[in-house]
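**Q** prediction below, plus the sequence it came from.
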Amino acid sequence: MWSSLNPCAIAATFTVALLSIRSQAQALDLNPTRPTVANSAAIQGKGVLQVEVGFDTYPHAVPGRQDTLGLLTTYVPLERLRVDFGWSPYAYRKDEDEKGRGVGTIQIGAKVVLEKERNGHAAPGLALQYEAELPTASDQALQGYGQQVTMLLNHHYGKGGIVDVMLNGSLVQSDCQDATGCAYGGQQSAAVSYHLNENTRLYSEVFGQNKGQSNTPPGTYVFTGFYRKLRDSVGIDGGMRFGVTNHSARVGVTLAMVFGRRLQGDSASK
């Protein structure tokens, strides 16, 4: 599973993340974008920098293989606004037509919370997210150029909000670097998280897309995974994704760590 991954890229990425993030006394309210594709409408606390470093592998993608080491940095300058910078320091693709290995693309974007979820209220949380993918890959086989707009909803149920239901839908424009022009598609995901305790969540998800996004080949998948908060500024998550249609990858594995640091003073409300 790890044979095609450059160990220097892993070490460098994790070292940068670990050296740049340190524990803070104030609560950070980290809000990881992994391990599921579907996310809630919430964002981390105002003034908090969040870094996620993760690896996704699909050793039996159709008809080849896909590995991605991803780095996502997000920051919340305003109470309802998160700005995003994503990068793939290492990516590997192999299919019938071409093979590529090297640095992947850059993604920049933002997430705006339109409606915060409130305890005891029936209305769900609602957010809108935009992402632009820039053609910065070192190999043509890894290249991508396009954009994605996603609507995110979520609502907690049960005593103390022990269950969180998340629904996401997006429109995707991709492959604009090709001479044939841009391709268009969609991505839909529904996930449920169950809070075992304050520090541990379990996830299940159904997810489908007709274009390769979120470090995942096209197809329809079911997912099971976890998130564990190790301390207020550090967490780990992971899981397995199983293809349920003929054109999906057979199985995928994801593993990541999330780090947080407060860059601005806490506010009275979030």
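**A** Nice, thanks for sending it over.

**Q** any regions of the stretch 1-150 of the chain where pLDDT drops low?
**A** Residues of the stretch 1-150 of the chain that meet the criterion pLDDT under 70 lie in 1-26, 63.

**Q** as a check, name the ranges of all helices in it.
**A** In the stretch 1-150 of the chain, the helices defined using DSSP state H, counting those that start in this stretch lie at 7-20.

**Q** now do the strands in it.
**A** According to DSSP state E, counting those that start in this stretch, the stretch 1-150 of the chain carries its strands in the segments 48-58, 65-78, 81-94, 99-102, 106-115, 125-134, 146-157.

**Q** got the CA positions of the shortest one in PDB?
**A** In PDB, the C-alpha atoms belonging to strand 99-102 read as follows (Å, rounded to 0.1, in the frame of the first residue of the first chain):
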ATOM      1  CA  LYS A  99       1.000   7.100 -15.300                       C
ATOM      2  CA  GLY A 100       2.100  10.000 -13.200                       C
ATOM      3  CA  ARG A 101       4.000  10.600  -9.900                       C
ATOM      4  CA  GLY A 102       4.900  13.900  -8.300                       C
END
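
**Q** buried set for that strand?
**A** Buried residues in strand 99-102, counted by 16 or more other Cβ atoms under 10 Å: 100-102. Bear in mind the C-beta positions are built from the backbone N, C-alpha and C, glycine included.

**Q** count of residues packed around residue 93?
**A** 25 (other Cβ atoms under 10 Å).

**Q** now do residue 49
**A** 18.

**Q** again, but for residue 158
**A** Neighbours around residue 158, by other Cβ under 10 Å: 10.

**Q** just curious, which of the buried residues of strand 99-102 is nearest to residue 86?
**A** residue 102 (16.6 Å; Cβ to Cβ).

**Q** tell me the contacts of the closest one?
**A** 90-91, 137-139, 142 (Cβ atoms under 8 Å, 6 or more residues apart in numbering).
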